[in-house]
Each structure stands twice: as structure tokens, then as C-alpha cells.
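[1] predicted coordinates and the sequence they were generated for:
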Amino acid sequence: MDKSKDESLLVIRLSAMGDVAMTVPVLLSLLRLNPQLGLLILTRPFFAPIFRDIPNTEVFKADFKISYKGIPGILKLSKDLKHHSISGVADLHNVLRTKVLKTFFFGSGLPFVQIDKGRKQKKKLTRWRDKDITRLKSTHERYADVFRKMGYKVELNPQDILRRRSLSEASENWLSKGNKKLIGIAPFAAFEGKMYPLDLMEEVIKQVNNTDKYKIILFGGGSKEIPVLQGLEEQFEHCLSAAGQLTFDQELDLISNLNLMVSMDSGNGHLAAMFGIPVLTLWGITHPYAGFAPYAQPPENSLLADRDQYPLIPTSVYGNKYPGGYEDAMSTIDPESVVQRILEITS
């Protein structure tokens, strides 16, 4: 492929939120080192605001429940995508849906490169017998490898982050932070084994609230999470719940203005990291060695469950599988250690 001419790549990452957010620093590096490129991002409509501030980028929003449902929908998608002048396809997802899409591109002559997810290595890392505890390649580097295979230069740099966004007047009024530093806390995760026990998280919030130095912003969503977050907001003076109060785009504006995000092994940590915000991550039955640590964060910003007490950690890549008793693994992370690290990062 002639890299001297203007080109437009189709980049595919459909879900989940954290995985989509992890593409951002890679795309920024790609565009920094290959200024002739334009990008067409194929993702779900909800995730479009993630790419709002990336230059030379257009988002193609694909609704797979309506417009592009099933095999006929994917065929329609391939035809719609071919109306765009693309010179190659970078599949950063590599699932059944994108494999089918690849078959519909067959014969077009376009390079179609798919991510190597390192499934064999991850299986060795997470198996419950003869475990191989080895730090694997980060997901960011796996994304970068796709573009390298296509002939593009990508060198990840901690400066490959988005700029802080301005808050709307409505968000400013809602926040009314005064001179306090902003700490985001996202206490939920997709699976129980990745979620810090709520009673321990409540103790963390209590101690941080009582310093009178911080405004605590709670992030989450869903019918079960919102009432819990609202209860915490009512309980603590310096605590606000963003759940149900802001659009996703407005939440991203707010996240970009935080002094720190405290999250599980989940999407909000990656959303903060793409803006260069310090992220303190709490890990239960998953582990940073699988390659999903937030971008450009130091190792000391990952607080881990006790592997001496729970030696089978990590028990799975996504946190959905674990032996009996391991649901309590995160209880080995002392709230005092979480608060201490929060104070150290924000001092």
C-alpha cells in the first residue's frame, strides 16, 4: 500500500465500553505518526461521543438490533460501508459478526486485518491448574499491532490522550464544586467478582468525604445501580451521583475534569485514562496481567486482591468465572489502603 497518499481506514470496535475507550490512545498515536490518514470508526451509536475530539475521524453508527440485524443486516452494512472511500479495514474486535463482515468484503482487494487477542496465552493465565502467571501484552499494544501489520507506524506514548473538555453551564451549576478537587468513583462492574463490596466502598467514601477536601462524583447506571448511588449521595455531604443526571457526552466532559477516577476493572477507568486522568483500579478475580489495565497508569495504581489467600486469581479474563469462595476475594483490599492511595495521588 502506498503510504504517501491520503488514505481512509475503516476501524471496527463495537463493544464493550472499556474496550472501545482503549482504542483512543492508539488511534491518537496512529494519526500523530501517519498524518495522511483519515479514520472511519464503526461502532455502536452510544459510543460515538468517545471519538468526538479525535481529528480526521468520522463515526459510522451501527445499530445491530434494527438497521443491521442478522446476516442480512451485516450484508447491508458491508454495502453501506463500501460507499465510503476506504483503503483498508482494521478489525479491533474480531468476533463472529466482524468475521461475517470480512467474508462480505472478500474479493474487494482491501486489506482486512483482525486483532490477535492472545486467547491461548490468556487461557494459560486464567486456568485453575498449572497456572502461568505471566504479564501479557496490553490490549492497547494488540490494537497497535493491527495497524503495524497494515504497514503503519504506531508508537504508544503517555501523551497520546484527549484534551480536557469544557463543562456546559448546566453541568457547572449541577456540580458547584467550589475549590474542592474532584474524585470520580465508579463502584460497579459487569460481574460480582470484579466489584468491591459496597460496604467497604461506603467506608472509603465516608473517609474521603470527611476530609472536606473533595467533591465525590459517583458514576454508574441501570435500574439497580441508580438507587444505590442516590442513597450514597443522600448519606454524604460532599457526594453527588451523576447516574441519570447527565447524558453520556456530558459525563465524558465531567470525567475529563476529574483529579482522580476510582474504578473497578471496568469501563469508567478506561474513559478517564483516555483523558490522562489518574485512575486507581481495584482488582478482584481479574488481574492487570491479562492486558486490560487503564492506559499509561503506574503499577501502584492497581490495588489487587490477595493472591496468597486466593492463588487461582486471575480466574477468568472477564470476571465471569471463579471457584466457590472467590466472590469474597476483593474483601482482602483494605479500605484504608484505598483511601491512602487516593490521598497520595491527589496530594
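    Structure's in. What do you need?

[2] who does the worst-scoring helix or strand of the chain on mean pLDDT touch, helix- and strand-wise?
    Here the helix or strand of the chain ranked lowest by mean pLDDT, DSSP states H and E is helix 169-175, holding a mean of 85. For helix 169-175, the packing partners by 3 or more CB pairs under 8 Å, 6 or more residues apart in numbering; DSSP states H and E come out as helix 248-255. The C-beta positions use only the backbone N, C-alpha and C, and glycine is treated the same way.

[3] what mean pLDDT does the helix it packs on have?
    Mean pLDDT, computed over helix 248-255, is 96.

[4] ok, residues contacting the helix or strand that comes right after that helix?
    With elements assigned by DSSP states H and E, the helix or strand that comes after helix 248-255 is strand 260-263. Outside strand 260-263, the residues that touch it by CB atoms under 8 Å, 6 or more residues apart in numbering are 181-186, 204, 255, 268-269, 271-273, 277-282, 294, 338, 342, 345-346.

[5] next one: stretch 120-135
    For stretch 120-135, the external contacting residues (CB under 8 Å, 6+ apart) are 136, 287-291, 311-312, 314-317, 321, 323.

[6] let's see it at 7 Å
    Contacts to stretch 120-135, defined as CB atoms under 7 Å, 6 or more residues apart in numbering, come from residues Leu136, Tyr289, Ala290, Leu312, Pro314, Thr315, Ser316, Val317, Pro323.

[7] the closest residue to the second one other than its chain neighbours: what secondary structure?
    What that stands for is Tyr289. What sits nearest to Tyr289 in space, not counting adjacent residues and going by CB to CB, 6 or more residues apart in numbering, is Arg135, at 4.7 Å. Following DSSP: H, G, I helix; E, B strand; the rest coil, Arg135 is assigned to coil.

[8] give me the neighbour count for Arg135.
    12 (other CB atoms under 10 Å).

[9] and it, how far from Ser256?
    Counting by CB to CB, to the nearest Å, the gap from Arg135 to Ser256 is 29 Å.

[10] where's the residue nearest to Asn301 when sequence neighbours are not counted relative to Gly184, distance?
    Residue nearest to Asn301 in three dimensions, not counting chain neighbours: Leu280, with 5.3 Å by CB to CB, 6+ apart. Separation of Leu280 from Gly184 (CB to CB) stands at 10 Å.

[11] do the same with Phe112
    From Phe112 over to Gly184 the distance is 38 Å, taken as CB to CB.

[12] higher neighbour count, the two?
    In terms of neighbours (other CB under 10 Å), Gly184 is the more surrounded of Phe112 and Gly184; the figures are 26 against 18.

[13] show the average pLDDT along the helix or strand hosting the more buried one.
    For Gly184, the host element (DSSP H and E) is strand 181-186. This predicted structure assigns strand 181-186 an average pLDDT of 98.

[14] after it comes which helix or strand?
    Beyond strand 181-186 on the C-terminal side, the first helix or strand identified by DSSP H and E is helix 198-210.

[15] show me what that following helix is packed against.
    strand 214-218, helix 225-235, helix 335-346 (3 or more CB pairs under 7 Å, 6 or more residues apart in numbering; DSSP states H and E).

[16] what are the contacting residues of stretch 197-216?
    By CB under 7 Å, 6+ apart, the residues outside stretch 197-216 that reach it are 177, 180-183, 185, 187, 228, 232, 236-240, 330-331, 335, 338-339, 342.

[17] if you could redo that for stretch 26-33, that was the one I meant.
    For stretch 26-33, contacts defined as CB under 7 Å, 6+ apart pick out 37, 39, 54-56, 140, 143-144, 147, 152-157, 160.

[18] from those, which land in strands?
    Taking DSSP state E as the definition of strands, the contacts of stretch 26-33 contribute Leu37, Leu39.

[19] and of the contacts of stretch 26-33, the nearest to Thr98?
    Tyr143 (13.9 Å; CB to CB).
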